[in-house]
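Participant: Task: produce atomic coordinates for the following.
(2 chains)
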Amino acid sequence: MRYKKIALVLTLMLVLGLISVTPAITWAAEKKYDQKGGPVATWDRPIEKGFEVGEALNPVHFMIGIAVGVLILHLLRSKFPKVVPLAAVRALTSIGVAVIIWELVLYLQLVRSVFLPPPTAVLAKLQGHWQKGYLQIHIWASIKRLFIAFFLAIITGIPLGFLVANFRRFSDYIDPILNLIRVVPPPAWLPFAILWFGIGNPPSIYIIWLGAFFPIVLNTIRGVKDTQQIHVESMLNLGGNKMDVYSKVMLPSAFPTIFTGLRIGFGIAWICLVTAELVAVDAGLGWMIDDARTLLDTPTILGGMVMICMFGIIFDTIFRKTEKEIARWQ
Amino acid sequence: MGKINERTLTSIAKNAQNGNHVIAIENVSKCFFVYTSHGEEVITEKRRWFSRRKPCELVALKDVSLNIDHGEFVALLGPSGCGKSTLLRIIAGFEFPSNGTAKFKGEEIKGPDPKRAMIFQSERAVFPWLTVEGNIGLGPRLQDMSSEERKERVAKTIELIQLKGFEKTYPKTLSGGMLQRVAVGRAIVNHPEVLLMDEPFGALDAQTRHSLQDHVVRIWQSIDQTIVFVTHDIEEAAYLANRVVVFTQRPGQIKEVVKIDLPHPRKRTNPEFIEYRNYLADLIKH
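Facilitator: Residues are numbered from 1 along each chain as shown, chains lettered A, B, ... in the order given. Here you go, the predicted structure:
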């Protein structure tokens, strides 16, 4: 049962990876070419109205709306204490109050909006980008890259971790090299990555893979090495062979640790993603931020950050739910 | 001294015919190579550089010979660290003797075998990622048993260890005594010829221990089985075994083999039982 679930997750990752490689489904903007054959701008930059603030939402309405929302939440909590969790109410209250203060500071013009655009402007900007299809392109480009790299990190990291944890000689030879490479921050590889893999997706995938790979390997090693001797002996005593020990004892026993490695790896991959996208690619949330930087389009910069934050939380939640579902024995 | 157990008599008769012991241990010695700061026999050439700890050889067992017949309930009794667990691990196939031979049904023991099922000291030997059913069904599954037969066997075993209604429970929510019963079930589901128990009830409270001891006796009586039981508890040995093998302090040697001719179920208040117990206690002391 449980192995089927693990297989399901891996297949899902594989399918996602394959989908993102298939060019037919890639809806990143098609390249336009001028008469000479060279590419022109991949898409139209939304530079018009770049600095306008609060074009969609009235700041006062916005603040009142959020305040009312928070109050309604508290009201719901007091009416149905069993349905609405307290922690969620508190979390949303704290975020709501922070957003109101943020908006208020700009509404009272205590800070200039170029230095910190108000939430209303960021939302308006995001909405505009979304309508033009500009935002989707970048989100999809980033997620695609992330999934390919993360999938590669899983299929290389977990088997390597198993080998290192189980074979003394192998680990003696491999460990020093791993430790040498590990201490170099992945973005430092950028120049070489571009030299080796050229312009486009591969160098950034390499950087992201590097970021995700080491937490996964190290956690797999730790988890497999922490397998209790008594479990291994039990398996042998029940008539299992070495393969049974690997697949039916070490894998489930190390699973929680490996999964922690996946989560940490995903977090680092996410960091590396934005860094890697600053160079050598022409789409992605990191690129969007960098491009907006050149135009001093601060709402777009903040909008990009908000998207990164949102997707980070979404993926982390998915990870935690999956772990809970698979490791039901804990 | 009391009645001789009928089962023991029949099994002795059975074995007299083919002249074969289930387990035959001849002059087994076992040395461990350890680094300690207080070793006796120092091997100078193996000394590590820059290490203050001396390599030394620790003799756990010295010239132990023991034959165990079919249907016997043998207890290995001795002070802690006397090598009784090592002997059990040799029988199970986890360790190999440094000297001498250990044979199972006339063949030398080369590794772990489901026919010699081991029940470990700690209840943590139960796999936490499998349900009670999954833990017990694992052995039959590894032996490619058909699913109907497996289900039937698992159900029977769960009934025998009295854990009905807990089939789908994960070990995390079970108590120590229940876990140890799962471990017993996991071992007996394979119909092993020998059941090896390494102080299985040492970590439990007295009440649970007594009820599990009765469990073991019931299982031993219901399935025709040989049991080797390691313990440091004198009363436990006297209560359960037909034959108690008393070990000396390290290096472990057999001091005396005491036959206990009391029928099961035994009573702890029985004067004969108390006599046996005191005799064993005296043996351990000197």
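Participant: Sketch out the low-pLDDT regions of the chain for me.
Facilitator: All of this is about chain A. Scanning chain A for pLDDT under 70 picks out A:1-5, A:16-56.
Participant: um, chain B though
Facilitator: Within chain B, the segments meeting pLDDT under 70 span B:1-19, B:36-56.
Participant: sec struct for the residue positioned nearest the centre of it, please.
Facilitator: By C-alpha atoms, centre = their mean, chain B has its centre lying nearest to B:Met197, at 2.6 Å. Per DSSP: H, G, I helix; E, B strand; the rest coil, the secondary structure class of B:Met197 is strand.
Participant: So what touches the strand or helix carrying B:Ala238?
Facilitator: Under the criterion of DSSP states H and E, B:Ala238 resides in helix B:234-240. Residues outside helix B:234-240 that contact it (C-beta atoms under 8 Å, 6 or more residues apart in numbering or on different chains) are B:73, B:75, B:77, B:201, B:209, B:213, B:216-217, B:229, B:231, B:244, B:260, B:266, B:268, B:273, B:276-277, B:280-281, B:284. C-beta coordinates here come from the backbone N, C-alpha and C atoms, glycine included.
Participant: circling back: the residue nearest to the centre of chain B contacts B:Thr226, correct?
Facilitator: No - shown here, B:Met197 and B:Thr226 do not form a contact pair, counting by C-beta atoms under 8 Å, at 11.4 Å.
Participant: What's the local residue count around A:Gly198?
Facilitator: Neighbour count of A:Gly198, defined by other C-beta atoms under 10 Å in any protein chain shown: 11.
Participant: what's across from the residue nearest to the centre of chain B in the sheet?
Facilitator: B:Ile119, B:Phe229 (DSSP bridges).
Participant: What separation do you get for it and B:Val245?
Facilitator: To B:Val245, B:Met197 is 14 Å away according to C-beta to C-beta, to the nearest Å.
Participant: Any residues of chain A in contact with chain B? List them.
Facilitator: Residues of chain A lying close to chain B by C-beta under 8 Å from any C-beta of the partner chain are A:2, A:228, A:230-231, A:233-234, A:236-240, A:244, A:248-249, A:252-253, A:255, A:327-330.
Participant: please redo it, this time with the cut-off set to 10 Å
Facilitator: Residues of chain A lying near chain B by C-beta under 10 Å from any C-beta of the partner chain: A:1-2, A:228-231, A:233-241, A:244, A:248-249, A:251-253, A:255-256, A:326-330.
Participant: Do you have the helices of the stretch 151-286 of chain B handy? List them.
Facilitator: Remark: helices assigned in the stretch 151-286 of chain B by DSSP state H, counting those that start in this stretch are B:176-188, B:206-222, B:234-240, B:271-285.
Participant: Output the shortest one as PDB, nothing but the C-alphas.
Facilitator: These are the backbone C-alpha positions of helix B:234-240, laid out as PDB (Å, rounded to 0.1, in the frame of the first residue of the first chain):
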ATOM      1  CA  ILE B 234      15.600 -16.800  38.300                       C
ATOM      2  CA  GLU B 235      11.900 -17.100  39.000                       C
ATOM      3  CA  GLU B 236      11.100 -16.700  35.300                       C
ATOM      4  CA  ALA B 237      13.500 -19.500  34.400                       C
ATOM      5  CA  ALA B 238      12.000 -21.800  37.100                       C
ATOM      6  CA  TYR B 239       8.500 -21.000  36.100                       C
ATOM      7  CA  LEU B 240       8.800 -21.600  32.400                       C
END
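Participant: roughly how far is it from the heart of the chain?
Facilitator: Relative to the chain's own centre, helix B:234-240 is displaced by 13 Å; criterion: C-alpha atoms, centre = their mean, to the nearest Å.
Participant: cool, the second one as well?
Facilitator: Distance of helix B:206-222 from its chain centroid, counting by C-alpha atoms, centre = their mean, is 14 Å.
Participant: Spatially central residue in chain A, please.
Facilitator: Nearest to the centroid of the C-alpha atoms of chain A, with distances taken as C-alpha atoms, centre = their mean, sits A:Trp270, at 4.1 Å.
Participant: List the residues that contact that residue.
Facilitator: By C-beta atoms under 10 Å, 6 or more residues apart in numbering or on different chains, the residues touching A:Trp270 are A:Ser142, A:Leu146, A:Phe150, A:Ile208, A:Gly211, A:Ala212, A:Leu285, A:Ile308, A:Phe311, A:Gly312, A:Phe315, A:Asp316.
Participant: returning to that earlier point: wait, doesn't the residue nearest to the centre of chain B sit right on B:Gln225?
Facilitator: No - using C-beta atoms under 10 Å, B:Met197 is not in contact with B:Gln225; the gap is 11.4 Å.
Participant: Quick check: closest non-adjacent residue to B:Lys105.
Facilitator: Distance criterion C-beta to C-beta, 6 or more residues apart in numbering or on different chains; nearest residue to B:Lys105, sequence neighbours excluded, is B:Val22 at 6.1 Å.
Participant: I'd say that neighbour and B:Ala102 touch.
Facilitator: No - judged on C-beta under 10 Å, B:Val22 makes no contact with B:Ala102 at a distance of 11.8 Å.
Participant: what are the ranges of the strands in the chain?
Facilitator: No chain was given, so I picked chain A. Using DSSP state E, chain A contains no strands.
Participant: my question was about chain B
Facilitator: B:23-36, B:54-68, B:73-77, B:99-104, B:107-108, B:116-119, B:194-198, B:226-231, B:243-247, B:254-259.
Participant: and the shortest one with chain A, contact?
Facilitator: No - judged by C-beta under 10 Å from any C-beta, strand B:107-108 and chain A are separated, with a smallest distance of 16.8 Å.
Participant: Quick one: neighbours of residue 254, just the number.
Facilitator: Unless you meant another one, I'm taking chain A. A:Ala254 has 24 nearby residues by other C-beta under 10 Å.
Participant: if you could check chain B rather than the one you did, that'd help
Facilitator: Neighbour count of B:Ile254, defined by other C-beta under 10 Å: 19.
Participant: Please apply the same query to B:Phe229.
Facilitator: If you count neighbours by other C-beta under 10 Å, B:Phe229 ends up with 27.
Participant: mind listing what it touches?
Facilitator: B:Phe229 makes contact with B:73-77, B:84, B:88, B:119, B:195-201, B:213, B:216, B:220, B:236-237, B:240-241, B:244 under the criterion C-beta under 10 Å, 6+ apart.
Participant: is it true that B:Ile23 touches B:Ile109?
Facilitator: Yes - B:Ile23 is within contact range of B:Ile109, at 8.7 Å (criterion: C-beta under 10 Å).
Participant: any residues in contact with both of the two?
Facilitator: B:Ile91, B:Ala102, B:Lys103, B:Arg116.
Participant: Now the last one. Nearest residue, chain neighbours left out?
Facilitator: Using C-beta to C-beta, 6+ apart and skipping residues adjacent in sequence, the residue nearest B:Arg116 is B:Val194, 4.8 Å away.
Participant: roughly how far apart are that neighbour and B:His70?
Facilitator: Shown here: B:Val194 relative to B:His70, a distance of 9 Å by C-beta to C-beta.
Participant: okay, and the common contacts of these two?
Facilitator: B:Val22, B:Ile23, B:Lys105, B:Gln225, B:Thr226.
Participant: May I ask which two of these are separated the most?
Facilitator: For those, the maximum inter-member distance is 14.3 Å, found between B:Lys105 and B:Gln225 (C-beta to C-beta).
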